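> From the sequence below, what's the structure:
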Amino acid sequence: MASKPPFPKATQVEHTKFGLGAVTETTDEHITIKFDDHGEKKFVRSIVEPALKKSDRQPPVEKRRAARKKAAAPAA
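Alright, predicted model coming up:
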């Protein structure tokens with residue numbers, strides 16, 4: 001039976017090199033983290049976990065792209 005990961009999905013973490021991010025996926029061997037300034041990265045858990053610490057910050061608000069307005073059709 002697999003043990004419970006120390007950093008489950010949605011945990012806010014801080015990495016020594018990449019800064020603040022949120023865990024997006026955790027398996028027995030890998031962990032994927034979406035960093036605020038460096039995008040999403042996948043790591044081998046046994047290697048990266050010593051470089052991670054939990055953060056008590058609130059997750060950032062996802063930025064949404066502005067919707068483009070359709071050009072008005074010319075009046076006929």
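
> Select the longest strand from the protein.
Longest strand in the chain, counting residues (DSSP state E): strand 19-26.

> Parallel or antiparallel, list what pairs with that strand.
Using DSSP bridges, the strands paired with strand 19-26 are strand 12-15 (antiparallel), strand 30-35 (antiparallel).

> which residues touch the helix or strand following the last one?
Think strand 30-35. Next along the chain after strand 30-35, taking DSSP states H and E as the criterion, comes strand 39-44. Identification of contacts with strand 39-44 by C-beta atoms under 8 Å, 6 or more residues apart in numbering yields Phe18, Thr24, Glu29, His30, Ile31, Thr32, Ile33, Lys34, Phe35. (Glycine included, C-beta is placed from N, CA and C.)

> Just to check, Phe7 is in contact with Glu49?
Yes - Phe7 is within contact range of Glu49, at 7.3 Å (criterion: C-beta atoms under 8 Å).

> If you count surrounding residues, which of these two has more?
Higher neighbour count among Phe7 and Glu49: Phe7, with 19 against 15, using other C-beta atoms under 10 Å.

> for that one, helix, strand, or coil?
When classified by DSSP: H, G, I helix; E, B strand; the rest coil, Phe7 comes out as coil.

> Enumerate every residue touching the closest residue to Lys9 other than its chain neighbours.
Excluding its sequence neighbours, the residue lying closest to Lys9 (C-beta to C-beta, 6 or more residues apart in numbering) is Val23, at 5.6 Å. Contacts were defined as C-beta under 8 Å, 6+ apart; by that measure Val23 touches Phe7, Pro8, Lys9, Ala10, Thr11, Val13, Ile31, Thr32, Ile33.

> Flag every buried residue along the longest strand of the chain.
For strand 19-26, a neighbour-count test (16 or more other C-beta atoms under 10 Å) marks Leu20, Gly21, Ala22, Val23, Thr26 as buried.

> So how do I select the buried members of the contacts of Val23 in PyMOL?
Filtering the contacts of Val23 down to the buried ones (16+ other C-beta under 10 Å) takes a single PyMOL command:
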select buried, resi 7+11+13+31+32+33
